[in-house]
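>>> Any chance you can model this:
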Amino acid sequence: MKEFGVFLPVANGGWIVSNTTPLLDGGWPQNRDAALAAEAEGFDFVMAMGKWRGFGGDTDHWGHSLEAVTLLAGIAAITSKVKVWATLHAILHNPAVAAKMIATLDHVSGGRAGLNIVAGAFRGEFEQMDAWDAALSHDARYDLTEEWTAIVKKLWSQPRTDFDGRYFQFQDCVSEPKPLHAPFLICAGMSSRGFDFSVRECDGCFIGGATQEETRAASLRAKTLAASLGKTIRTYCMMTVITAPTDAEAEAKADRYRDGLDEGAVLGMLESYGALSKEVGGNAMTARAKGAFMTQTAIGSPATCAAQIESFLRHCEIDGLMFVYDDYLEGLRVTGRDILPHLRKAFA
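Prediction:
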């Protein structure tokens, strides 16, 4: 079964780095309304990322953001069916606190909680709050996250937990109540170590690629590794949907967003990735090449988008998509009315 979710606009600007898109302010009303619309239109899940510092630029992209678990607890209380997946960072949240937070979200939601595990991400986000250990290499952060995840799972399933690891030592730790159901675990690690962690420890993994071929290769790689471990894994990808009554109108809208590219914000993003050269002119060219869209795209009339998305899912052999929009309420309405029914029928 394919699953279709929504990456909530918890940070200003959403997933298009441009100054010509409709305003996404990262505030509660927009996120509340998007989640309610997602449930009404029959989406399977909503997810919120954890973001602690933006990328600057003219738009101060992602400079304003809401905290994921708190936000989703509010959303869980006003919804009844859509699953709520929150993001926590292993280097920031103590595993006992994380276990309690997600168990609480599961109770508030009546058993709909999921956890997106992030091993650390970008130095600047955590260094500003004295939460970055420069002695930890990239792979060591995943070693820490593996211990963190093991503790969280134990606290969700055992009456008392002892753990003697390199990074955590727990003695007779208790965490009650347990979640109503085992929360769905997901991770987006794409490095060799991160990929291994995601497949071994989680129920699903977010994958990506600059092209459909790269996305397909990542999905098949995850499924092959899972099979070798005697388990299954669900793969998910992000997709930006830009619709209009006609293909030409949708393409014109996308071109307007591309023309409004916030180069400064893209450079800030690339700097956080450690992917900038020292040449200013080269950096500007890199920003323009990166473009305004942060994910795969489906652009066109609703019928065209539905066909593009179906083709993408079939070719890449992935199990679900997490949609993002330029205008969330309009995008969700159109997707629910004209795109999801096509996809549900195609993959019934």
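
>>> Pull out the buried positions in the longest helix along the chain.
Longest helix in the chain by number of residues, with DSSP state H as the criterion: helix 138-157. Under the neighbour-count criterion of 16 or more other Cβ atoms under 10 Å, helix 138-157 has 140-156 buried. Where C-beta positions appear, they are placed from N, C-alpha and C, glycine not excepted.

>>> which residues are in contact with that helix?
For helix 138-157, the external contacting residues (Cβ atoms under 8 Å, 6 or more residues apart in numbering) are 90-91, 95-96, 98-100, 102-103, 115, 117, 119-120, 136, 161, 163, 165-168, 170, 173, 175, 178-179, 182-183, 185, 189, 191, 193-194, 196-197, 201.

>>> Render the CA-only coordinates of that helix in CSV, please.
Output in CSV follows, covering the C-alpha atoms of helix 138-157 (Å, rounded to 0.1, in the frame of the first residue of the first chain):
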residue,chain,number,x,y,z
HIS,A,138,29.8,11.9,11.4
ASP,A,139,29.8,8.1,11.9
ALA,A,140,30.2,8.5,15.7
ARG,A,141,27.0,10.6,15.8
TYR,A,142,25.3,7.6,14.3
ASP,A,143,26.9,5.3,16.8
LEU,A,144,25.5,7.6,19.5
THR,A,145,22.1,7.6,17.7
GLU,A,146,22.1,3.8,17.6
GLU,A,147,22.5,3.7,21.4
TRP,A,148,19.9,6.4,21.8
THR,A,149,17.4,4.5,19.7
ALA,A,150,18.1,1.2,21.6
ILE,A,151,17.3,3.0,24.9
VAL,A,152,14.1,4.6,23.5
LYS,A,153,12.9,1.2,22.3
LYS,A,154,13.7,-0.4,25.7
LEU,A,155,11.9,2.3,27.6
TRP,A,156,8.8,1.8,25.4
SER,A,157,8.7,-2.0,26.0
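
>>> Can you name every helix or strand that the helix or strand that that helix is followed by contacts?
Under the assignment DSSP states H and E, the closest C-terminal helix or strand after helix 138-157 is strand 161-164. Strand 161-164 is packed against helix 138-157, strand 169-173, with contacts defined by 3 or more Cβ pairs under 8 Å, 6 or more residues apart in numbering; DSSP states H and E.

>>> Let's have the ones you listed in a markdown table, adding distance to residue 16 and mean pLDDT.
Converted to a markdown table, the helices and strands packed on strand 161-164 look like this (distance: least, Cβ to Cβ, whole Å; pLDDT from 0 to 100):
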| stretch | distance to residue 16 | mean pLDDT |
| --- | --- | --- |
| helix 138-157 | 28 | 97 |
| strand 169-173 | 43 | 98 |
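
>>> Between these, which one is closest to residue 256.
helix 138-157 (37.7 Å; Cβ to Cβ).

>>> returning to what we had before: and the helices and strands packed on strand 161-164: which comes nearest residue 244?
helix 138-157 (41.5 Å).

>>> what angle sits between that closest one and strand 169-173?
10 degrees (axes from the mean of the first three to the mean of the last three Cα atoms, to 10 degrees).

>>> Tell me if I am right that residue 256 is in a strand.
No. Residue 256 is assigned helix when assessed by DSSP: H, G, I helix; E, B strand; the rest coil, not a strand.

>>> Could you check how far it is from residue 248?
To residue 248, residue 256 is 13 Å away according to Cβ to Cβ, to the nearest Å.

>>> Looking at those two, which is more packed in?
residue 256 (14 against 11; other Cβ atoms under 10 Å).

>>> got the phi/psi numbers for the residue nearest to the more buried one when sequence neighbours are not counted?
Closest residue in space to residue 256, ignoring its immediate chain neighbours: residue 20 at 5.2 Å, by Cβ to Cβ, 6 or more residues apart in numbering. Dihedral pair for residue 20: phi -120, psi 10, per degrees, to the nearest 10.

>>> swap in residue 15?
Dihedral angles (degrees, to the nearest 10) for residue 15: phi -110, psi 30.

>>> And for residue 245?
Dihedral angles (degrees, to the nearest 10) for residue 245: phi -60, psi -30.

>>> next one: residue 87
phi -110, psi 130.

>>> Surely residue 241 is in a helix?
No. In this structure, residue 241 is strand, not part of a helix, as judged by three-state DSSP.

>>> who touches residue 41 in this structure?
332, 333, 335, 336, 337, 340.

>>> on that earlier part again, what's the closest of the helices and strands packed on strand 161-164 to residue 217?
That would be helix 138-157 among the helices and strands packed on strand 161-164, by Cβ to Cβ, at 21.1 Å.

>>> Which parts of this structure are strands?
Using DSSP state E, the strands found in the chain span residues 3-7, 45-47, 83-89, 113-118, 161-164, 169-173, 184-187, 204-206, 234-243, 296-300, 320-325.

>>> who does the fourth one pair up with?
I take that to be strand 113-118. strand 83-89 (parallel), strand 184-187 (parallel) (DSSP bridges).

>>> CSV please, covering those and showing distance to residue 55 and mean pLDDT.
CSV is the format used below for those (distance: least, Cβ to Cβ, whole Å; pLDDT from 0 to 100):
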stretch, distance to residue 55, mean pLDDT
strand 83-89, 17, 98
strand 184-187, 22, 98
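
>>> Output the ones you listed as TSV; include the columns mean neighbour count and distance to residue 312.
Listed next are the strands paired with strand 113-118 as TSV, based on neighbours: other Cβ atoms under 10 Å; distance: least, Cβ to Cβ, whole Å:
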stretch	mean neighbour count	distance to residue 312
strand 83-89	24	21
strand 184-187	22	19
